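Engineer: I'll drop the sequence and a predicted model, then ask my questions.
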Amino acid sequence: MKKYFVMLMMVAVAFLFVSESLLNAAGDFKYIGVSKCKMCHKTAKSGDQFTKWSNEGHSKAYATLATPEAKEVAQKAGVTGDPQKSEKCLKCHVTAFDAPATAKEASLTLQEGISCEACHGPGSAYKSNAVMKAVYAGTKKGAEVGLIEPTKEVCIKCHNPESPTYKPFKFEEAVKKILHPVPKS
């Protein structure tokens, strides 16, 4: 009986491992929203990335669309109506706006603007402390769990000439303005 139970447990663990691997291999990661990220990234010990993000422009990207200036820019760009409801504007002012609904958890909101996951990828599979420790230790690759490093290619999806307020984008300079490293333990 004990042998049967051990064998059954091994099969169950193997099934869970294979299921998670297949899920991650398929890229079935979900956007979870900044409220989930800040749980671990709001202390000085962690580098307080949440406060740094909160104080810079990406966190205000959605709110910016409600300003008179944004409405004027939108109108000149051919946007009729409210920029906060325009797909043309929201695709770059809201994280994962154009992702399918099945890829977004309810905790992701328009109001957070451009949040952590716009640059680092959907967080559903890397949100746990154990996963992040494994990534930092080098025992798990971030890409396996949907975690990406921001690159120029990630940024220029929005910072490009298609934007009506485009200015030449200098990645090396821009990244210094939003730098928020995790301190080495």
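Structural biologist: Noted; the coordinates are in hand.
Engineer: Surely Gln111 is in contact with Ala63?
Structural biologist: Yes: at 7.4 Å, Gln111 counts as touching Ala63 under the criterion of C-beta atoms under 8 Å. Any C-beta I mention is one placed from the backbone N, CA and C, and that applies to glycine too.
Engineer: which intervals of this protein have sub-threshold pLDDT?
Structural biologist: Residues of the chain meeting the criterion pLDDT under 70: 1-27, 185.
Engineer: State the distance from the spatially most central residue of it to Phe169.
Structural biologist: In the chain, the residue lying closest to the centroid (C-alpha atoms, centre = their mean) is Glu117, at 0.3 Å. In this view, Glu117 and Phe169 are 20 Å apart by C-beta to C-beta, to the nearest Å.
Engineer: What is the burial count for the spatially closest residue to Val182 that is not a sequence neighbour?
Structural biologist: Sequence neighbours aside, Gly47 is the residue nearest to Val182 in space, at 4.9 Å (criterion: C-beta to C-beta, 6 or more residues apart in numbering). When neighbours are defined as other C-beta atoms under 10 Å, Gly47 has 17 of them.
Engineer: Make 664 the starting number, not 1.
Structural biologist: Fine by me, first position is 664 from now on; the one you just mentioned is Gly710.
Engineer: For stretch 780-790, which residues meet the burial criterion?
Structural biologist: Within stretch 780-790, the residues that count as buried by 16 or more other C-beta atoms under 10 Å are Glu780, Ala781, Cys782, His783, Gly784, Pro785, Gly786, Ser787, Ala788, Tyr789, Lys790.
Engineer: Looking at the residues you listed, which is nearest Gly744?
Structural biologist: Nearest to Gly744 among the buried residues of stretch 780-790: Ala781, at 24.1 Å, using C-beta to C-beta.
Engineer: which non-adjacent residue is nearest the closest one?
Structural biologist: Thr758 (4.2 Å).
Engineer: List the contacts of the one you found.
Structural biologist: Residues in contact with Thr758, defined by C-beta atoms under 8 Å, 6 or more residues apart in numbering, are Tyr694, Leu771, Glu775, Gly776, Ile777, Ser778, Cys779, Glu780, Ala781.
Engineer: who's in contact with Val817?
Structural biologist: Counting by C-beta under 8 Å, 6+ apart, Val817 touches Ala781, Cys782, Ile811.
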